[in-house]
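>>> Okay, predicted coordinates and the sequence, questions at the end:
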Amino acid sequence: MFDQWQVIRFTLLVCLGSSLLILPFGMGLAWWLAKTTVRWKSIVETIVSLPLVLPPVATGLILLNLFGRRGPLGAAFRAVFGADVVFTWRAVLVATAVMSFPLLVRTARLGFETVNPRLEQIAQTLGASFWRVIFTVTIPLAARGILAGFLLSFARAIGEFGATILVAGNIPGKTTTLSLAIYSLVQLGKDQDAYILVLVAALLAFGAIFLSEALVRTKAP
Amino acid sequence: MRIRFENVRLPLAHFSLKIDFDIEAHSIGIHGKSGAGKTSFLELIAGVRRATTGTIQLDDRVLQNNGAFVPPRHRAIGYVPQDLAIFPHLNVRRNISYGNTRPDKKSSVSRDQVIETLELGKLLDRRVHDLSGGEKQRVALARAILSGPAVILLDEPFAALDPQMRETGLRLVRTLRTQFAIPFVCVSHAYEDLTSSCEVLIEFSQGQVVGIRKNAGIARNAGIAGIAEPNFGVRRIVESYDKS
């Protein structure tokens, strides 16, 4: 019932897409959290981290209400693009993006915190604009943390289950991801097939986490 | 260069910086014990720190005045901090060229001349971690000079050097005047490091200026006419500085 290659391809593509989608926003927020001294920063930090601890199904339910046909975001999306979000690949993208966002922000933030503000100040005294400082000093020096965060968010996206099944369903060939396929195969008693996908998932997760750990641990240049 | 601080106040950890003076000289040396507020003084000029009140003026430009604050990137002031702050991800060539493209240069020195004078030719493609302390210092100085600054600020340029390198460091600071004609302010806890290169010497203690004096030998060469006295209020120290 499952074309395993299709499932793997689809999962990789959507997860890569969602990690890339959240990258600019996650970097912006991580930078802001690393730099700002405002008092209500901890409230923002808490909200950002909520999907880490909230039951994924709960997050999925909230997303279902927001992105459903009558939900505010779903209706807006339909008005602009003439297409639905829920129960399509777009819902998988949204669910994995929201669920992996905290990991990206938390890890990238550590990267930004390692950047010596002195270097940014000196770049300014050398005539660099805000954006030039960001692109030539801050981001290159925080690159390891950012890349580690990207890899972790990608790994988290691959493992996403609870939120995805609620907003995207489990429609073979359309929204079935690696995690959803494993669940379905086990339900059908096809444990052998499930194990092949488990192996693929384990390899992907191992690779992503191993690389991100190596990036964070090795001393930056 | 003319530097004017009027009623400048900045609270620091143990005391407040209170500075009031008006000096015109090509080279100014700041000395005083560590923790006297010398670095904060440089940071106020560079614009990486903002005074709570007061007016800071460099030549005819007001850098900070109650409401107004010129951001560091528009000041054209080369700052060489004590930790040098060399960009660790760029090689020597890209470090020294970082500020070279700014459009609002206040001084113009050829890149080749800087590389030659600071003996950087062989280092251009080196990564910066492999450099010695003295080499790093030359890179930081070259980077500041090439950004075309109106003035260069040097924070303890000799502190990290061994006695032998110290002589080279002193020589390099002198080249700012002799080769590049860029005015500078140099901070050092050691008074004797400043006497060979600075026209006016200012002593700091507890965040305040406790003495200003003209360095007779050098100032004569530079053609300074005014008389310096220790001062504690706004006073023009050097009155008719001959810029030639």
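Here it is on my side, so go on.
>>> Show me the beta-bridge partners of the residue most central in space within chain B.
Compute the mean C-alpha point of chain B, and by C-alpha atoms, centre = their mean the closest residue is B:Leu153, 1.8 Å away. Counting by DSSP bridges, B:Leu153 forms beta bridges with B:Tyr79, B:Val185.
>>> Show the contacting residues for it.
B:Leu42, B:Ile45, B:Ala46, B:Ile77, B:Gly78, B:Tyr79, B:Val80, B:Phe184, B:Val185, B:Val187 (C-beta atoms under 8 Å, 6 or more residues apart in numbering or on different chains). No exception for glycine: its C-beta is placed from N, CA and C like everyone else's.
>>> Turn those residues into JSON lines, columns for pLDDT, neighbour count and distance to B:Asn66.
Output for the contacts of B:Leu153, formatted as JSON lines (pLDDT from 0 to 100; neighbours: other C-beta atoms under 10 Å in any protein chain shown; distance: C-beta to C-beta, whole Å):
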{"residue": "B:Leu42", "pLDDT": "95", "neighbour count": "24", "distance to B:Asn66": "22"}
{"residue": "B:Ile45", "pLDDT": "96", "neighbour count": "21", "distance to B:Asn66": "17"}
{"residue": "B:Ala46", "pLDDT": "96", "neighbour count": "25", "distance to B:Asn66": "19"}
{"residue": "B:Ile77", "pLDDT": "95", "neighbour count": "25", "distance to B:Asn66": "20"}
{"residue": "B:Gly78", "pLDDT": "94", "neighbour count": "29", "distance to B:Asn66": "26"}
{"residue": "B:Tyr79", "pLDDT": "96", "neighbour count": "28", "distance to B:Asn66": "24"}
{"residue": "B:Val80", "pLDDT": "95", "neighbour count": "26", "distance to B:Asn66": "29"}
{"residue": "B:Phe184", "pLDDT": "94", "neighbour count": "24", "distance to B:Asn66": "28"}
{"residue": "B:Val185", "pLDDT": "95", "neighbour count": "27", "distance to B:Asn66": "24"}
{"residue": "B:Val187", "pLDDT": "94", "neighbour count": "26", "distance to B:Asn66": "27"}
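>>> And the average pLDDT for stretch B:194-214 is what?
On average, the pLDDT along stretch B:194-214 is 86.
>>> Next, the buried residues of that stretch.
B:194-195, B:197-204, B:206-209, B:211-212, B:214 (16 or more other C-beta atoms under 10 Å in any protein chain shown).
>>> what about it, start to end distance?
12 Å (C-alpha to C-alpha, to the nearest Å).
>>> For A:Trp89, give its distance to chain B.
Per C-beta to the nearest C-beta, to the nearest Å, A:Trp89 is found 38 Å from chain B.
>>> pLDDT score assigned to that residue?
95.
>>> Surely it is in contact with A:Thr175?
Yes - with contacts counted by C-beta atoms under 8 Å, A:Trp89 reaches A:Thr175, the gap being 6.1 Å.
>>> Among these two, which residue is more densely surrounded?
A:Thr175 (23 against 17; other C-beta atoms under 10 Å in any protein chain shown).
>>> Is the more buried one part of a helix or strand, or is it coil?
coil (DSSP: H, G, I helix; E, B strand; the rest coil).
>>> Skipping adjacent residues, who's closest to the residue lying farthest from the centre of chain B in space?
Distance from the C-alpha centroid of chain B peaks at B:Asp125, with 27.4 Å (C-alpha atoms, centre = their mean). Closest residue in space to B:Asp125, ignoring its immediate chain neighbours: B:Asn91 at 6.0 Å, by C-beta to C-beta, 6 or more residues apart in numbering or on different chains.
>>> Any stretches of chain B with poor pLDDT?
Where chain B drops to pLDDT under 70, the residues are B:217-244.
>>> Repeat the analysis, applying 50 as the threshold.
When residues are selected by pLDDT under 50, those of chain B lie in B:220-244.
>>> now the strands for it?
B:2-11, B:16-24, B:27-31, B:53-58, B:61-65, B:68-69, B:77-80, B:151-155, B:184-188, B:200-205, B:208-214 (DSSP state E).
>>> can you tell which of those strands is closest to A:Gly26?
Across the strands of chain B, the minimum distance to A:Gly26, taken as C-beta to C-beta, is reached by strand B:68-69, at 31.8 Å.
>>> Pretty sure the residue farthest from the centre of chain B sits against B:Asn95.
No - with contact defined as C-beta under 8 Å, B:Asp125 does not reach B:Asn95; the gap is 11.5 Å.
>>> residues from chain A in reach of chain B?
Contact residues, chain A versus chain B (C-beta under 8 Å from any C-beta of the partner chain): A:116, A:118-119, A:121-129, A:136-137, A:140-141, A:220-221.
>>> let's go with 10 Å and repeat that
Neighbours of chain B within chain A, by C-beta under 10 Å from any C-beta of the partner chain: A:116-130, A:132-133, A:136-137, A:140-141, A:143, A:220-221.
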